[in-house]
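*Asks:* predicted structure and sequence below. I'll ask about it afterward.
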Protein chains: 2
Amino acid sequence: MKNKIKELRKSAKLSQEELAKLCYVTRQTINAIENEKYDPTLQLAFSIASVLNTTVDELFINEFTKN
Amino acid sequence: MKNKIKELRKSAKLSQEELAKLCYVTRQTINAIENEKYDPTLQLAFSIASVLNTTVDELFINEFTKN
DNA sequence: TTGAAATGTCAAATACTTTTTACATAACAA
DNA sequence: TTGTTATGTAAAAAGTATTTGACATTTCAA
């Protein structure tokens, strides 16, 4: 799933490691999500959105469309 | 994580099984999420929100973020 | 009251997410 | 250039989500 994490993280002048700490996950997890290796858990999605002062719906671009 | 799925599903007059089919998951998955056995994946959270005509941020109540 | 539909639950298997450790490269300032 | 910080990546292990099949209970309309 596409997301705006890298963009918003840079706007907030945070490194991947700093964002990771604020979200209580590892740097590798943030890196993998930014590079779309996999999607975060819902919990982590909320945590990242919160730290980046946005919402899950704004941060992630939902590809799901019925038909 | 708390959610409003059961409430909104009933408003939409859908059974767990019908909602499940619309989200391409099983009835047991919807049941488990409604009863908070575990959280859905981010993908499924978007899918459920979409089917129930709402947003992920409205549908789920994040205890840490508190929206 | 009866029967069907809906819901709750469980266990085993499979798939996906996160951590840990480690190493490589990139970016960048001194 | 040199050193430091930031980023990309990988593999193994642990943790979490989903499916499948099954059975029990609850709900509710006829």
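*Replies:* Thanks, I have the structure now.

*Asks:* up against chain B, what does chain A have?
*Replies:* A:1, A:39-43, A:45-47, A:49-50, A:55-57, A:60, A:62, A:64-66 (C-beta under 8 Å from any C-beta of the partner chain). All C-beta atoms are positioned from the backbone trio N, CA, C, and that covers glycine.

*Asks:* these in strands, which ones?
*Replies:* Residues of the residues of chain A next to chain B located in strands (DSSP state E): residue A:60.

*Asks:* report the buried members of the residues of chain A next to chain B.
*Replies:* A:1, A:39-43, A:45-47, A:49-50, A:55-57, A:60, A:62, A:64 (16 or more other C-beta atoms under 10 Å in any protein chain shown).

*Asks:* what does the longest helix out of those in chain A rub up against?
*Replies:* Secondary structure of chain A read by DSSP state H shows that its longest helix is helix A:42-51. With C-beta atoms under 8 Å, 6 or more residues apart in numbering or on different chains as the test, helix A:42-51 has contacts from A:5, A:19, A:22-25, A:29-30, A:33, A:39-40, A:55-56, A:58-60, B:1, B:39-42, B:45, B:56, B:60, B:62, B:64-65.

*Asks:* from residue A:49, how far out is residue A:58?
*Replies:* Residue A:58 sits 7 Å away from residue A:49 when distances are taken as C-beta to C-beta, to the nearest Å.

*Asks:* pull the contacting residues for residue A:58.
*Replies:* A:4, A:49.

*Asks:* now the one 4 residues further on
*Replies:* Residue A:62 is in contact with A:1, B:46, B:50, counting by C-beta under 8 Å, 6+ apart.

*Asks:* before we move on, what about residue A:30?
*Replies:* Counted by C-beta under 8 Å, 6+ apart, residue A:30 has contacts A:5, A:9, A:16, A:17, A:19, A:20, A:23, A:48.

*Asks:* most neighbours, which of these?
*Replies:* residue A:48 (27 neighbours; other C-beta atoms under 10 Å in any protein chain shown).
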